[in-house]
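Chemist: Any chance you can model this:
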Amino acid sequence: MSQLSPRIGATIFVVLAAVLPLLFASGYQMFQLTMVAIYALSVLGKNLVTGYGGQVSLGQGAFYAVGAYTAAILIDQFDFPYWATLPVAAVTSGIVGLMLGLPALRLGGLYLALVTFALAISVPQLLKYRAFEAWTGGVQGIVIIKPDAPFGLKLGPDQWLYLFTLAVVTVFFVVASNLVNSRVGRALKAIRDHPLAAEAMGVELARFKTITFGVGAMLTGIGGALSAIAVGFVSPDSFSIALSLTLFVGMVVGGASSITGAIYGALFIQFVPNISEAIFKGAPGAVYGIILIGFMFFAPGGLAAVIAAQLRRWRSARAPARAVGMGGVAN
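Modeler: Next up is the predicted model:
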């Protein structure tokens, strides 16, 4: 039963996340929750690369942009159904990730971070390049229309996109959870913690690191494609280096080596800037920085580690009470 309880809890969470917003949230709030789900998937891709794979990447925003533009171009110029753009965006982003991962694996640490940082800087400039304007729209970007709910469902576009996004993100969270708890996940943790020992035990460092880089890029690219569909607009300035740094912040705040930490990080990304502006409109960046420092001071391992520790304490406090209840009053 103890093994099933996390699955039951996750199922209840997904059901409540799908039902409650439909009952109480406005259209804009539905859009915000959709972006939380999208950021969660994108941060999850970064978690796999950095948190589990131990590879410092600052270029996830580039993969996000590749996925977003793939979806926007297919919808705008080839009349693709919005849902059919997701597998294409996944393959495209994954291939870009693998192409970068193969040569980048010869580097490590700060050198790999600089290579991926350069990628994040160059992609927005390439999207503005005149030779690609016929596809990317140049600095003007691409406008796409939000899809209506299918099958005659009485849902607004924001409501339907939220449910659609939640379903897609849930599937990939399950896949990622199974991956990190499998032989591949154990190999990644071994490479991250003790690469020399892992290699001595027969773990192929290059193979696993390359696959992880590709999978992480694929998840972030799917997040970008969902973002393009939900926002209805893409432009090069939307994918600046700030996006890569924002995803990095979400990973650290939520918890680098945690699946659920991606959700907490996404909530931070979406809502803390708004809270900072509400507190002090004159200098919201300063308030944001103070809040971020506070999170790092009180939760250096991420919010996922803090919440997990509190749950363990709660369970350990309940254990003696259960023992007394089952055994009667102690003499």
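Chemist: So which residues of the stretch 151-300 of the chain form helices?
Modeler: 157-180, 183-193, 195-200, 205-231, 241-254, 261-279, 284-298 (DSSP state H, counting those that start in this stretch).
Chemist: Can you lay out those as CSV showing mean pLDDT?
Modeler: As requested, the helices of the stretch 151-300 of the chain are exported to CSV (pLDDT from 0 to 100):
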stretch, mean pLDDT
helix 157-180, 95
helix 183-193, 82
helix 195-200, 79
helix 205-231, 91
helix 241-254, 94
helix 261-279, 95
helix 284-298, 92
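Chemist: S42 is nearest to which of these?
Modeler: helix 205-231 (3.6 Å; C-beta to C-beta). Just so you know, the C-beta spots here come from the backbone N, C-alpha and C atoms, and that holds for glycine as well.
Chemist: Could you check how far Y69 is from V139?
Modeler: 14 Å (C-beta to C-beta, to the nearest Å).
Chemist: Which one's more surrounded, those two?
Modeler: Y69 (28 against 11; other C-beta atoms under 10 Å).
Chemist: most packed of the helices of the stretch 151-300 of the chain?
Modeler: Counting by mean count of other C-beta atoms under 10 Å, helix 205-231 has the highest mean neighbour count of these, with a mean of 25.
Chemist: now the strands for the stretch 51-200 of the chain?
Modeler: 142-143 (DSSP state E, counting those that start in this stretch).
Chemist: Can you pull out the low-pLDDT segments for it?
Modeler: Residues of the stretch 51-200 of the chain meeting the criterion pLDDT under 70: 104-108.
Chemist: The same query, at a cut-off of 80, please.
Modeler: For the stretch 51-200 of the chain, the stretches flagged by pLDDT under 80 are 101-110, 191, 196, 199.
Chemist: if we can go back for a sec, do you know which of the helices of the stretch 151-300 of the chain lies nearest V36?
Modeler: Of all these, helix 261-279 comes closest under C-beta to C-beta, at 4.8 Å.
Chemist: List the contacts of that closest one.
Modeler: 32, 35-44, 47, 51, 173, 246-247, 249-255, 284-285, 287-288, 291-292, 295, 302-305, 307 (C-beta atoms under 8 Å, 6 or more residues apart in numbering).
Chemist: got it, and stretch 12-26?
Modeler: So stretch 12-26 is in contact with Q29, M30, L33, L155, Q159, Y162, L163, L166, T170, going by C-beta under 8 Å, 6+ apart.
Chemist: mean confidence for that stretch?
Modeler: Stretch 12-26 shows a mean pLDDT of 90.
Chemist: buried ones in that stretch?
Modeler: V14, A17, P21, A25 (16 or more other C-beta atoms under 10 Å).
Chemist: what's the spacing between I75 and P87?
Modeler: I75 sits 14 Å away from P87, going by C-beta to C-beta.
Chemist: same question but for A198, I mixed them up
Modeler: 32 Å.
Chemist: likewise T11?
Modeler: From T11 to P87 the distance is 25 Å (C-beta to C-beta).
Chemist: what do you get for V231?
Modeler: From V231 to P87 the distance is 20 Å (C-beta to C-beta).
Chemist: Please name the nearest non-neighbouring residue to L247.
Modeler: Spatial nearest neighbour of L247, chain neighbours left out: Q60 (4.8 Å); criterion: C-beta to C-beta, 6 or more residues apart in numbering.
Chemist: Can you get me a residue count around the one you found?
Modeler: 33.
Chemist: Dump the helices of the stretch 151-300 of the chain into JSON lines; add distance to Q125 as well.
Modeler: As requested, the helices of the stretch 151-300 of the chain are exported to JSON lines (distance: least, C-beta to C-beta, whole Å):
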{"stretch": "helix 157-180", "distance to Q125": "29"}
{"stretch": "helix 183-193", "distance to Q125": "32"}
{"stretch": "helix 195-200", "distance to Q125": "34"}
{"stretch": "helix 205-231", "distance to Q125": "17"}
{"stretch": "helix 241-254", "distance to Q125": "11"}
{"stretch": "helix 261-279", "distance to Q125": "24"}
{"stretch": "helix 284-298", "distance to Q125": "24"}
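Chemist: Much appreciated, bye for now.
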